[in-house]
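1. compute the structure for the input listed below.
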Amino acid sequence: LEIGILHLKKRIFRQEGGLQMGEESDRIQITMGYRHWFANWLSAGLAFSSSYAMGDTRTIRDDFTPRGLKAIDTSASDTTEYGFDFSLQWEVFSYQRLALIADAIYSLSVTGKPNETTDHYGVMLGIRYFIQEKPVVEKPKTSI
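-> Below is the predicted model:
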């Protein structure tokens, strides 16, 4: 089980009739999912994500207003968005319970509006601290 919390400035663009509307908002994204380890230094993860708007939405591009058209809305003003995160994580360096990691992530939005780019991707460098593991208990050998 893996749980993550990310703060991001998310830019969302939506097109209609050859015109574009772009907005930016601060969001908190919370993920919960599963990570599979292929080796002790390489893993892939799949997580369900929900993100929540924080503060006001800022317009960064508006092709509608100068032409006297009513601007279209984007998902940037939505209170909540849902999606799935796919990631590939590489352990760059480790010492005892600490590790330096590099994580490439792609976040697929499933609640975006039509003709909208809401997916995002990135690379993150981080520090991981190992908290708990299940102890291995050997079964007693029985003779027949």
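2. which residues does Leu42 form a beta bridge with?
-> With DSSP bridges as the criterion, Leu42 is bridged to Ala39, Trp90.
3. for Phe64, see how far away it is.
-> 46 Å (Cβ to Cβ, to the nearest Å). Glycine gets a C-beta too; all of them are placed from N, C-alpha and C.
4. more crowded one of these two?
-> Remark: of Leu42 and Phe64, Phe64 carries more neighbours, 16 against 12, as counted by other Cβ atoms under 10 Å.
5. how about the more buried one: what's its closest non-neighbour residue?
-> Ala71 (4.2 Å; Cβ to Cβ, 6 or more residues apart in numbering).
6. which ones are touching that neighbour?
-> 21, 62, 64-65 (Cβ atoms under 8 Å, 6 or more residues apart in numbering).
7. secondary structure element for Ala53?
-> Per DSSP states H and E: Ala53 is located in strand 42-62.
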